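Visitor: how would this look folded up:
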Amino acid sequence: MSTSDLIWRRLSPLVAARRSMRLWSPVTGEFADEGQSWTKRLPAVPAAVPIYRRGRTCLLALDFDAKHHTGEQVDADVERVLVWLHQCGARTVTDRSTSGGRHVLVPLATNSSLRVDDVKVLMELLAARLMTLDRSPMLGVEQGCITPPGSPCREGGFRRLDGTLDDAIDAFTVRSDRGVVARLTALLGGVTTPRHRTAVAAVAASLTQDERLVGVGRGRRLDPRFHRTTPFPEAVETYAATGKLNRALWPTPSEARQSVISHAVLRGASAADIEKAIATKEWAGVRRAYTEKYRDPAVALRRDVEKALTWAAGTAHQFHQLTHKNKLTGGGTSFLKDRIRRKWLAHAQLWIDSEFLGTRQRPVLLAVVQALAYTSALAGDLVEGVPVVAVGGRSLSHSAGLMSESTVWSALRVLRETPGSPLLLVARGAGREADRYALTTPATTGGPGRARVERARVEPVHPAWSVLGLRGRMVYELVAAGLATNVDDVFAGAMLRPSNGYAILAALTAAGLIERNGATLSIGSRTLDDVAAAHGLETVAAERIVRHRAERLVWQVWLENRFYGPAVALFMKDPVNVPISGAPPPRGEESETLWAAMLAAGPPKPDPVLEAMELLSDQLGAVIVCSDS
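Guide: Predicted coordinates:
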């Protein structure tokens, strides 16, 4: 096996968001519009793999093109961007083609996938500073693709990996720190928000700000949960003190000023804090930049702070570390976590099939344990090899295929209370903290076989099943995976009685998901994505997110008013030691005291004014306009 064959076989599946590829045609000189299945065998022509899956990506792929530039210019741009990326906590893999072009691949944290809108501003900032960068691969959800290391080149030869294969695999296994894209955007001084939003997106953005910002007026700041605790980058600190402009980072002083303000906001500063800081010698350079540029520097400063706060609230989720790595295990690798959770999911499915066979609860419980496995992989810990995750019913409803919240809560109750269950409640939630569960090995007679473990998928349940009904999910997955091709095999694999099985087959056939020719079954012409699009489930999911944020906001406001009082924070160089009165409640005895008090007080009483406004909006379509007067 050649070196290029080995690199392709080992790296291309790590780069690809989906197991497909597009081949380059020497006739048209372009990549084919239609993709084909990925193969281990190295293609004879250049092959590009997709960057996005379901509109999201965990890879930042930077394509530096030598077609209209020299190889020296490409190398200079690559070296420059690598310095910036490494400052922001990125792990990188680079390669080069025979033409002199190069790729920089940045594996992002697996639990912080991004959309095109999340990277668009960064790509514009980089393109303005790096003349050889081609933005198009990262800006196409459907057609966005990149040729991985080892792939053949158009000019002949193969893409050569910089560094060793082991180092590249390690980069894709360990991956980058959270928030690389947001940190690099802040470093380059690019803080913008979309100009045109749908109504749902606008409301969601507004609720996001309310949820992630605390305080009012000049005291408004980022919630302490999202504060960065690292020092300012050296270039930003230098500009703040001296006004010395790093032209490689910032083409004009405007980006430099905004970069300083953004880094301060990310570390918990409010407008009032920044106004005090700008009067010190440590910020003499940025103070001079404002006074020389604007007739009213104070107004310009407040505008830039407000812009930074809006941006920080929208990107805070990229920074927020939901959990900490287990100190006993060192956190492990993503491969180890997936293997452990896949085995747990197979055990849990076997237990449910044993305990709830023939009941209506079975398909619901199977969906909930899959959602738990996925959520645990996304934001959980490993404690002595046991997955542990803190999650609420609202959050779980999204990964359970848009299941109703009440159904999720009922399923969790059944799983908690049934003897031998694979789910153990280890800590009851208090304040903003959700219930914490351990995913334990259930009591079953014999473990799952290898085939069942391989079938277990640690991924969210497709939302289309909220329309189709969960009871048909196993039938469809058996046929789609090629594990069953006739009626008898499907009924046996899904453990269905014939009466129920034929009803499910009829429903799936009518939906176009399965084709039936006598007793033979095959995959249909429609996909689950087609069903979801036809029923507008993307909008349904977005509206549910908005509602959940609103409900959390009401609950958090009630908590703060009852237990914390107004949030007070100081902007200091060591934000770790700043006392925050609005911080989440402590654990231990104080947490139990808070829990008991919350149970005694009950949920917040409904506000009749808000209820009336909501009724007018929901039933009559009224637009509510609020004013301060």
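
Visitor: does Val389 sit in a helix or strand, and which one?
Guide: strand 386-390 (DSSP states H and E).

Visitor: Tell me the helix or strand right after that strand.
Guide: Criterion used, DSSP H and E; the element after strand 386-390 is helix 393-399.

Visitor: The helix or strand where Trp555 lies packs against which elements?
Guide: Using DSSP H and E, Trp555 sits in helix 537-559. Applying 3 or more C-beta pairs under 8 Å, 6 or more residues apart in numbering; DSSP states H and E, one finds that helix 537-559 contacts helix 199-212, helix 393-399, helix 465-468. C-beta coordinates here come from the backbone N, C-alpha and C atoms, glycine included.

Visitor: in the stretch 101-250 of the chain, which spans are strands?
Guide: 102-107, 133-134, 145-146, 160-161, 213-214, 221-222 (DSSP state E, counting those that start in this stretch).

Visitor: returning to what we had before: pull out the buried residues from the helix holding Trp555.
Guide: For helix 537-559, burial by neighbour count (16 or more other C-beta atoms under 10 Å) applies to Leu537, Ala541, Ala542, Arg544, Ile545, Val546, His548, Arg549, Ala550, Arg552, Gln556, Leu559.

Visitor: Now render the residues you listed as CSV, adding pLDDT and distance to Arg228.
Guide: Shown next, in CSV, are the buried residues of helix 537-559 (pLDDT from 0 to 100; distance: C-beta to C-beta, whole Å):
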residue, pLDDT, distance to Arg228
Leu537, 86, 35
Ala541, 84, 30
Ala542, 79, 28
Arg544, 85, 30
Ile545, 81, 25
Val546, 78, 27
His548, 82, 26
Arg549, 77, 23
Ala550, 76, 27
Arg552, 74, 23
Gln556, 70, 21
Leu559, 70, 24
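
Visitor: Just send those residues back as JSON lines, with distance to Ile352 too.
Guide: Listed next are the buried residues of helix 537-559 as JSON lines, based on distance: C-beta to C-beta, whole Å:
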{"residue": "Leu537", "distance to Ile352": "25"}
{"residue": "Ala541", "distance to Ile352": "26"}
{"residue": "Ala542", "distance to Ile352": "31"}
{"residue": "Arg544", "distance to Ile352": "26"}
{"residue": "Ile545", "distance to Ile352": "28"}
{"residue": "Val546", "distance to Ile352": "32"}
{"residue": "His548", "distance to Ile352": "27"}
{"residue": "Arg549", "distance to Ile352": "32"}
{"residue": "Ala550", "distance to Ile352": "33"}
{"residue": "Arg552", "distance to Ile352": "30"}
{"residue": "Gln556", "distance to Ile352": "35"}
{"residue": "Leu559", "distance to Ile352": "35"}
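
Visitor: Can you give the contact residues for stretch 88-96?
Guide: 11, 60, 78, 82, 85-86, 102-107, 148-149, 159-163, 167-168, 171-172, 174-180, 183-184, 187 (C-beta atoms under 8 Å, 6 or more residues apart in numbering).

Visitor: Could you identify the buried members of those?
Guide: Looks like these have 11, 60, 78, 82, 85, 102-107, 148-149, 159-162, 168, 171-172, 175-180, 183-184, 187 buried, using 16+ other C-beta under 10 Å.

Visitor: and Thr375, what does it touch?
Guide: Val389, Val391, Ser395, Leu396, Ser399.

Visitor: Equivalent analysis for Ile504, please.
Guide: The neighbourhood of Ile504, defined by C-beta under 8 Å, 6+ apart, consists of Arg471, Gly472, Val475, Leu496.

Visitor: quick one: contacts for the last one?
Guide: So the one you mean is Leu496. Each residue near Leu496 by C-beta under 8 Å, 6+ apart is listed here: Val475, Val490, Ile504.

Visitor: Low-confidence ranges, the stretch 51-200 of the chain, go.
Guide: 111, 191-200 (pLDDT under 70).

Visitor: Restricted to helices, list the contacts of stretch 88-96.
Guide: Using DSSP state H, the members of these that fall within helices are 11, 78, 82, 85-86, 167-168, 171-172, 174, 180, 183-184, 187.

Visitor: Now the two most distant members of these.
Guide: Of all pairs drawn from the ones in helices among the contacts of stretch 88-96, the greatest distance, 28.1 Å, lies between Leu11 and Leu187 (C-beta to C-beta).

Visitor: Which strand residues bridge Leu23?
Guide: With DSSP bridges as the criterion, Leu23 is bridged to Ala47.

Visitor: Which strand or helix spans Gly89?
Guide: Applying DSSP H and E, one finds Gly89 in no helix or strand.

Visitor: Make CSV from the contacts of Leu496 and add distance to Glu515 and pLDDT to it.
Guide: Putting those into CSV (distance: C-beta to C-beta, whole Å; pLDDT from 0 to 100) gives the following:
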residue, distance to Glu515, pLDDT
Val475, 13, 93
Val490, 13, 89
Ile504, 15, 92
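
Visitor: Now, those that are in helices?
Guide: Using DSSP H, Val475, Val490, Ile504 are the members of the contacts of Leu496 that sit in helices.

Visitor: Setting aside sequence neighbours, what's the nearest residue to the second one?
Guide: Read it as Val490. Take Val490 and drop its neighbours on the chain: the residue closest to it by C-beta to C-beta, 6 or more residues apart in numbering is Ala484, 4.4 Å away.

Visitor: Surely that neighbour is within a strand?
Guide: No - with DSSP: H, G, I helix; E, B strand; the rest coil as the criterion, Ala484 is coil rather than part of a strand.

Visitor: pLDDT wise, what is it at?
Guide: Ala484 carries a pLDDT value of 87.
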